[in-house]
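J.: I need the structure of the sequence given here:
(chains A and B)
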2 protein chains.
Amino acid sequence: MSLPLILITNDDGFEASGLAALVDAAKNFGEVVVITPDGSRSGMGHAITMHIPLRIQLYKTENGIEYYRTNGTSVDCVKLGQRVVLRNRKIDLLLSGINHGSNSSVSIIYSGTMAAAIEASFEGTPAIGFSLLDYSHKADFSAAVVFAKQIIQKVLQNGLPKHICLNVNIPKLPLNEIKGIKITRQTLGYWYEDLEEHIDPFGGKYYWLAGHLENLEKEATDTCEWALQNGYVAVTPVHFDMTSHQTIDKLKYLEYD
Amino acid sequence: MSLPLILITNDDGFEASGLAALVDAAKNFGEVVVITPDGSRSGMGHAITMHIPLRIQLYKTENGIEYYRTNGTSVDCVKLGQRVVLRNRKIDLLLSGINHGSNSSVSIIYSGTMAAAIEASFEGTPAIGFSLLDYSHKADFSAAVVFAKQIIQKVLQNGLPKHICLNVNIPKLPLNEIKGIKITRQTLGYWYEDLEEHIDPFGGKYYWLAGHLENLEKEATDTCEWALQNGYVAVTPVHFDMTSHQTIDKLKYLEYD
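T.: Residues are numbered from 1 along each chain as shown, chains lettered A, B, ... in the order given. Next up, the predicted model:
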């Protein structure tokens, strides 16, 4: 039996320590190939590169693992992996991360990390995005690696339902303070942006997004936010059907032949 | 009673004829403000601008409508509208488009047009993204404008359920050949990328995404793709909860305390 083929990407770029942590977590589970952006693509959501030529380069081979980088986005990494680097070989598992910072609640929609996992799920590849609730470049990924190994092993054994990927968020806590793993749902919430106003040396105004997450269901105990705030790793199953099925009947007033 | 406040954006940029068409469709329904990117942001999904200063400029006032443009994305346009231009005034309707090209099926996830509508829905603003199935710069938006007016009027009258937005796709047909409007669900499908390989004058390889939509449920008759192929305007209600609720119980094997 051949080893599982595991493609790893991220949105923090090829130099991120979260990437090294994820390679460390995954390397003993199969044949690993790494394709990442050549710098940060945080907050780029499901962006793809349409207007400039997309390039990809093998920049190192280490412990038998090939590392590629591209000028594209995290989603481009998946597409380049599927078609150019792996030339339509069956990918058994796509891993993305470990992200520096949370992708809980609505952050999933802004996240390049999760966009890569979602992209892989389109073709039915099992996929997991990992995020640690620590934005620091020097974040301590040691507990995250332990949980990533557990989850990778179990998903390789059990598979995932077709077109489903996992959004795994890990609290910023030492290993012995993390209580376990909860299967959760996406917390209803949004980023409220304060939009900091600054003035450049030439008198021009500019803005930085400077928001905070508004949790719209603070009382719920089955959400990713609850799990994280209570010391659990939060695992949310994600699908890409954005239809609000329960709304279809309510809109029949718009329909006519 | 004051007029409804309508914010318009797009992802094709301030010069797109689809934007002029949408302003034309909306202008008689309320107070209109336009904020768009300063060029194309197609395929940028839910990207936000985090690493460069975000700027916004009032570039014209025409028929009482203020037009702003920004170096940001379509999602940034919504955030700048909410906080900077409209200073937390209640927006009654966010309109995005009319996009040059389809946003049916999984294209919704790559779409800046729909990302703007989804962003507005986070705070509970009713929102509609419009797309015409014609990529041409010189596309004929006349039929699209007729349907946009109908849908805008009905949504202003009836509202939308909270946190729901609409993905409206209009077939590339003359008005008298469009059969009506169907409420649909997102077609299960994905973009298969062929990734065209080219060689630059210096011998370097580069790639262009060059894909086609794989419809994974060609037999279904309640999908957006079916409606469009059969001459109907497709209206899909969209929510931003990406949880696969039906998968939660199947993943309990990962859970522990």
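J.: what residues does the stretch 1-150 of chain A put near chain B?
T.: Contact residues, the stretch 1-150 of chain A versus chain B (C-beta under 8 Å from any C-beta of the partner chain): A:40, A:42-51, A:53-56, A:75-76, A:79-80, A:82-84, A:106, A:108-110, A:115, A:118, A:122-123. Just so you know, the C-beta spots here come from the backbone N, C-alpha and C atoms, and that holds for glycine as well.
J.: and those residues, which are buried?
T.: By neighbour count, with 16 or more other C-beta atoms under 10 Å in any protein chain shown, the residues of the stretch 1-150 of chain A next to chain B hold A:40, A:42-49, A:54-56, A:75-76, A:79-80, A:82-84, A:106, A:108-110, A:115, A:118, A:122-123 as buried.
J.: Restricted to helices, list those residues.
T.: A:75-76, A:79-80, A:115, A:118, A:122 (DSSP state H).
J.: which one of those is nearest chain B?
T.: Checking those against chain B by C-beta to the nearest C-beta gives A:Phe122 as the nearest, at 3.5 Å.
J.: And the pLDDT at that closest one?
T.: Listed pLDDT for A:Phe122 reads 97.
J.: Low-confidence ranges, chain A, go.
T.: Low-confidence segments of chain A (pLDDT under 70): A:1.
J.: and A:Ile65, what does it touch?
T.: A:Ile65 sits next to A:23, A:27, A:32-34 when contact means C-beta atoms under 8 Å, 6 or more residues apart in numbering or on different chains.
J.: returning to that earlier point: now tabulate the ones in helices among the buried ones among the residues of the stretch 1-150 of chain A next to chain B in TSV and tack on distance to B:Lys182.
T.: Below are these laid out as TSV (distance: C-beta to C-beta, whole Å):
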residue	distance to B:Lys182
A:Val75	30
A:Asp76	34
A:Lys79	31
A:Leu80	37
A:Ala115	29
A:Ile118	26
A:Phe122	24
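J.: Can you tell me the element A:Leu94 falls in?
T.: Assigned by DSSP states H and E, A:Leu94 belongs to strand A:93-100.
J.: Strands of the stretch 101-250 of chain A, start to end?
T.: For the stretch 101-250 of chain A, the strands defined by DSSP state E, counting those that start in this stretch cover A:127-132, A:165-170, A:180-183, A:189-193, A:196-199, A:205-208, A:211-215, A:232-238.
J.: What residues sit buried inside the first one?
T.: Of the residues in strand A:127-132, those buried under the neighbour-count criterion (16+ other C-beta under 10 Å) are A:127-132.
J.: rewinding a little: identify, from the ones in helices among the buried ones among the residues of the stretch 1-150 of chain A next to chain B, the entry nearest to A:Glu193.
T.: Of all those, A:Glu193 sits closest to A:Ala115, with 20.2 Å by C-beta to C-beta.
J.: from what I can see the closest one touches B:Met44, true?
T.: No - counting by C-beta atoms under 8 Å, A:Ala115 stays clear of B:Met44, with 11.2 Å between them.
J.: so what sits against both of these two?
T.: A:44-45, A:47.
J.: Quick one: end-to-end length of stretch A:212-230, please.
T.: End-to-end distance for stretch A:212-230, by C-alpha to C-alpha, to the nearest Å: 19 Å.
J.: Enumerate the positions of it that are buried.
T.: A:213, A:215-216, A:223-228.
J.: hey, C-alpha coordinates of stretch A:114-124 in PDB?
T.: Extracted in PDB, the C-alpha atoms of stretch A:114-124 (Å, rounded to 0.1, in the frame of the first residue of the first chain):
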ATOM      1  CA  MET A 114      -9.500  28.000   5.200                       C
ATOM      2  CA  ALA A 115      -9.900  29.100   1.600                       C
ATOM      3  CA  ALA A 116      -7.200  26.500   0.600                       C
ATOM      4  CA  ALA A 117      -9.000  23.800   2.500                       C
ATOM      5  CA  ILE A 118     -12.400  24.700   1.000                       C
ATOM      6  CA  GLU A 119     -10.800  24.800  -2.500                       C
ATOM      7  CA  ALA A 120      -9.500  21.200  -2.000                       C
ATOM      8  CA  SER A 121     -13.000  20.100  -0.800                       C
ATOM      9  CA  PHE A 122     -14.500  21.200  -4.100                       C
ATOM     10  CA  GLU A 123     -13.000  18.100  -5.800                       C
ATOM     11  CA  GLY A 124     -13.700  15.900  -2.800                       C
END
